[in-house]
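Visitor: Kindly return the folded structure for what I paste below:
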Amino acid sequence: MLALVATGDAPNPAALYGLLAVAGLCSGIVFWWLTVRVIPNDKVGVVEKLWSPKGSVTDGRIIALHDEAGYQATLLRGGLHFGYWRWQYRIHVAPLVTVPQGQIGYVYARDGQPLPPSQTLGRVVECNNFQDAQVFLARVGEEADYGQRGRQRAILREGVYAINPAAFVVMTENGAYSLPHLLEAQETDAIGAWHEQLTGCGGFQPVVIGGSSKTGETEVHDDLIGVVTVHDGPSLPPGEIIAPAVGTEPDGASYHNNYQDSEAFLKAAGRRGRQSAPLTDGTYFINRWFASVELVAKTVVPIGHVGVVVSYVGRAGRDVSGTGFRHGERVQDGERGVWERPLGPGKYPFNVYAGQVILVPTTNFVLHWVTGRTETHKFDEALRSIDLVTRDAYEPLLPLSVVVHIDYQRAPSVIQRFGDVKKLITQSIDPMLSAYFRDVAHKKTMLQLLHERDLIQAEARAELRTRFREFDVECVDVLIGKPVAHEKDSKIEALLEQLRLRQLSIEQLETYERQRTAAEKLRTLNEAQAQAAVQVQLTNARAEIQIAESRGEAELARARKQSEQMVVTADAELARAKRQAEQTVLTAEAHAKEKVLAGRGEGQKALQIGLSEAAVVLRKVAAYGDPRLYAASLLADRLADSTQPLVPERMFVSGATGESGVAGGPLNALLTLLLGEKTGLGSFGDSPEATEFRGECDKLAREAMGTLTAK
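Guide: Numbering: from 1, shown residues only. Coordinates of the predicted model:
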């Protein structure tokens, strides 16, 4: 254009318009660049005012609230923004804050009121989750609720937030949202340390209690409870170690929902320190700067046990154990001390820092006083076999087992007196029981200790039951083992060897006797087997013997009948001869008497005839020398005429023999008379001696008659 003017040529309108358009376009571009700011939709713009007629921020702030120079509280969101001259404003583009799903974001305020000495975290201010920095820093008319600089009690849940990084630093698991050029090295190091601390304790994830798996990055804990330690708020009063539970009523105004609402917890007079109320199964979004959570196992009281609670917190209670119990106090539930009522079998969310649950077995359990042996309950791991000294100076070791039972209602008194079951055993039962058995051993010899074990055991059972009741424990049974010697003591073994040899001898005697009995049984068995082998012959022989015996008995009976018949016949003949003689005498006397009437001569003659006949008979009797011989001769005459044989074909002789060796009986007498007659021993003369002899014969005849009659 200058060239055209200089040459004097007329200006070209088209060129002039083009130049004006280019100049206008350049001016617009420059104006756009100077005044218009473009913020992407996924970003925010932090406004830094370089200068202002109102001056810079004061009172130690870094965020301008009243249009002063400095970083402004208001953010620029995505889009076009006019009026921000580059010579007056600097726009810092920063990403939106994103908290991933299921995670927690922590906020550090770089501006606000300073924290007081008793406070560790900034109070919660209603400022749209830190997206309204103006409200956070200066709430009109509510100065007491201004936001405080430093780490904040409020947390961010999952979502996207437009937060001013000049006023707040937001930490998530993925990193920290801030303006790096604004942070000094010390501040940067502190933010890095906080992020590392939160990552180490899992602070970016919620606390999940209950379950048995791991979902993503979230650890799930089973059969655990969370013991909470609050790091902000008023301190505990002197003498307290556990903060009492507050704000636990869901319907109350101060309900803090298991420490998730920190402001409600503090308004409910919550105090810093370990809390007595633990977290049970569930998911909890807790600010780990405000409260840390320690996972501990639930208290399990197994079946066959009770849990005696010793509480470290609570108000001072009234002693319910009575004035006669001087071993400490028992209190009601919730009070400080030993609770009167124990916990039954089950699982309990018991805070192990607020108290202690001591397990006491209520079923029978065994205690072994045996060196090197212990049960799974470990109550007897310190017990050893009892050293004894017997009356005869032996020094054995006595192994012992005792069955013990503790009544569940007496469990608190046992814990109150001894602290736990193990101390009860080691400090009371062990010395008492050891002394008792040492006293017993002093009165017994070694053999008595071995042989009288049942008696000693029964006496110990009765005595120890009485003594155990003094400790609120029941002794169910006492089991005494075999006394053993020390390692280098051989005296007891020698004594036992003698007893073994003695018993072996007794057993050998018994064995020999049993063997003898077995041999006899074997002989009997062999005889039975031999008899069985010849059973047919034995049966036939036995049958023949029975037949012979039957025949002999029949013949014997027949012979007896014949001999009895002969005796009876002889008796009858003798009686008939006597009657005949007497009848003859009587007849003679009768004739004599008759003749007396007729004449003496005739009488004499008749008497002479009768007497002569009687004399003939008497001479016949006298001729035999013994009336029995005469009777036997008459019997012989009749037997001669008998058709029955006098001597049987078979004869069985029985009975005792006389001095002559011939069997006795009537037949023997008759044979003897016949023998006398045949030998001439029976003849008599008419001498006086013969007459006297006849008288003796008559006497013998009468005796024979009596004998025959008796038989």
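Visitor: ok now the host helix or strand of Glu582, how far from the chain's centre?
Guide: Counting by DSSP states H and E, the element that carries Glu582 is helix 535-598. Mean-position distance between helix 535-598 and its chain equals 97 Å (Cα atoms, centre = their mean, to the nearest Å).
Visitor: Could you do stretch 45-53 as well?
Guide: What separates the centre of stretch 45-53 from the centre of its chain is 83 Å, taken as Cα atoms, centre = their mean.
Visitor: Sort out which residues of that stretch are buried, please.
Guide: Residues of stretch 45-53 classed as buried by neighbour count (16 or more other Cβ atoms under 10 Å): Gly45, Val46, Val47, Glu48, Lys49, Ser52. For every residue, glycine as well, the C-beta is placed using N, CA and C.
Visitor: How about exporting that stretch as CSV, limited to the C-alpha atoms?
Guide: Taking C-alpha atoms only, stretch 45-53 is exported to CSV below (Å, rounded to 0.1, in the frame of the first residue of the first chain):
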residue,chain,number,x,y,z
GLY,A,45,-9.1,-25.0,34.6
VAL,A,46,-7.4,-23.5,37.7
VAL,A,47,-7.4,-19.7,37.4
GLU,A,48,-4.3,-17.9,38.5
LYS,A,49,-4.8,-14.1,38.6
LEU,A,50,-1.4,-12.5,38.0
TRP,A,51,-2.3,-9.1,39.2
SER,A,52,-5.4,-7.3,40.6
PRO,A,53,-6.3,-3.8,41.7
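Visitor: switch to numbering from 115
Guide: That works, and once the first residue is 115, the last one we named lands at stretch 159-167.
Visitor: Show residues contacting it.
Guide: Applying Cβ atoms under 8 Å, 6 or more residues apart in numbering, the contact partners of stretch 159-167 are 151, 153, 178, 181-186, 188-191, 195, 198, 201-208, 278-280, 293.
Visitor: Cross-reference the residues you listed with the helices and report the matches.
Guide: Among the contacts of stretch 159-167, no residue falls in helices (DSSP state H).
Visitor: Quick one, which of those residues are buried?
Guide: Buried among these by 16+ other Cβ under 10 Å: 151, 153, 178, 182-186, 189-190, 195, 198, 203, 205-206, 208, 278-280, 293.
Visitor: Strands - which of the residues you listed land there?
Guide: 151, 153, 178, 184-186, 189-190, 195, 203, 205-206, 208 (DSSP state E).
Visitor: Out of these, flag the one nearest to Thr488.
Guide: Set against Thr488, the nearest of those by Cβ to Cβ is Ala208 (67.6 Å).
Visitor: partners of the closest one in the sheet?
Guide: When assigned by DSSP bridges, Ala208 has beta-bridge partners Val158.
Visitor: For whichever helix or strand Ala290 is part of, which strands pair with it and how are they oriented?
Guide: If you go by DSSP H and E, Ala290 is part of strand 289-291. Strand 289-291 has its sheet partners listed here by DSSP bridges as strand 282-286 (antiparallel).
Visitor: now the strand it pairs with: how far from the chain's centre is it?
Guide: Taking mean C-alpha positions (Cα atoms, centre = their mean), strand 282-286 and its chain are 61 Å apart.
Visitor: what's the answer for stretch 244-251, then?
Guide: Worked out by Cα atoms, centre = their mean, stretch 244-251 lies 69 Å from the chain centre.
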